[in-house]
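Asks: The following block contains a protein sequence and its predicted model.
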Amino acid sequence: MAKLLLTTFLTLDGVMQAPGGPEEDPADGFAHGGWLFPFAEEEFGELMTGLIERADAFLLGRRTYDIFASYWPNQTDPENRIAARLNALPKYVGSTTLRDPSWHDTTVLTGAGPGGLAGEVAALKDRLGDAELQIHGSGALARALMPHGVIDEYHLVTAPVRLGTGQRLFPAAGPATAFRLVNTRTTPSGIIASTYHPTGPATYGTF
């Protein structure tokens, strides 16, 4: 069965919305788009390139897919390692409205089958076998999948900034879940990239 890895950029207060630019996602009046840029130095770029080069396929939400599809197919420099992977590998999109995707090797997952979208993703993991399926960004998709336990690994890239407003990765309501830290790396600009595996329900005790 394939491993499903979620990678997302976060602020210290958990905001994940529009890290890449001011116009990326102004939903709900979000005014802090592009907040990741001041921290994205060379080591950060190498970190992300290495992660994407591990992928065998990508799973994206509709909004993230549209952002990627408007940019990456136009990046044709063979030395661009991220573009090479994104353009060549299979891409799966969770959407009930995308009808005719133009980006090479895109398959739409509508969630119409048994178990909804989570069931369709679980079936996809079975079909892909010993592979790494990566989600990037795609907050709504990630939040839809979290309660069903189909995400195997969380790669959280946290920048040293607090925004106060914006969409969060983890919803206010949901199953209380424990995680195990398996790896962490810090860049010179203060980004902390941490990898976590969910270990089951949160546990409690008394000091």
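Replies: Cool, the structure landed. Numbering: from 1, shown residues only.
Asks: From here on, just use CA atoms for contacts and neighbour counts.
Replies: Fine.
Asks: tell me, how many neighbours does the closest residue to residue 61 other than its chain neighbours end up with?
Replies: Spatial nearest neighbour of residue 61, chain neighbours left out: residue 138 (4.8 Å); criterion: CA to CA, 6 or more residues apart in numbering. By the criterion of other CA atoms under 10 Å, residue 138 has 23 neighbours.
Asks: With residue 8 instead?
Replies: Around residue 8 there are 21 residues (other CA under 10 Å).
Asks: Could you list the paired strands of the helix or strand that contains it along with their orientation?
Replies: Assigned by DSSP states H and E, residue 8 belongs to strand 3-10. Strand 3-10 pairs in its sheet with strand 132-136 (parallel), strand 153-158 (parallel), by DSSP bridges.
Asks: got the CA positions of stretch 173-180 in CSV?
Replies: The C-alpha trace of stretch 173-180 is given here as CSV (Å, rounded to 0.1, in the frame of the first residue of the first chain):
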residue,chain,number,x,y,z
ALA,A,173,-13.2,20.2,16.1
GLY,A,174,-12.1,16.7,15.2
PRO,A,175,-10.6,13.6,16.8
ALA,A,176,-8.0,14.2,19.4
THR,A,177,-4.9,12.6,17.9
ALA,A,178,-1.3,11.8,19.1
PHE,A,179,1.7,12.1,16.9
ARG,A,180,5.3,10.9,17.1
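Asks: where along the chain do the strands fall?
Replies: Under the criterion DSSP state E, strands of the chain are mapped to 3-10, 57-61, 91-94, 106-109, 132-136, 153-158, 177-186, 192-201.
Asks: now what about the first one, what contacts it?
Replies: Applying CA atoms under 8 Å, 6 or more residues apart in numbering, the contact partners of strand 3-10 are 16, 19, 36, 125, 130-137, 142, 150-159, 169.
Asks: need the contact list for the residue nearest to residue 61.
Replies: Residues near residue 138 by CA under 8 Å, 6+ apart: 60-64.
Asks: By neighbour count, which of the residues you listed wins?
Replies: Counting neighbours by other CA under 10 Å, the top entry in the contacts of residue 138 is residue 60, with 26 neighbours.
Asks: Do you know the pLDDT at it?
Replies: Residue 60 carries a pLDDT score of 97 in this model.
Asks: Repeat that for residue 198.
Replies: So, for residue 198, pLDDT stands at 97.
Asks: Please apply the same query to residue 151.
Replies: 98.
Asks: any idea how far residue 45 is from it?
Replies: According to CA to CA, to the nearest Å, residue 151 stands 24 Å off from residue 45.
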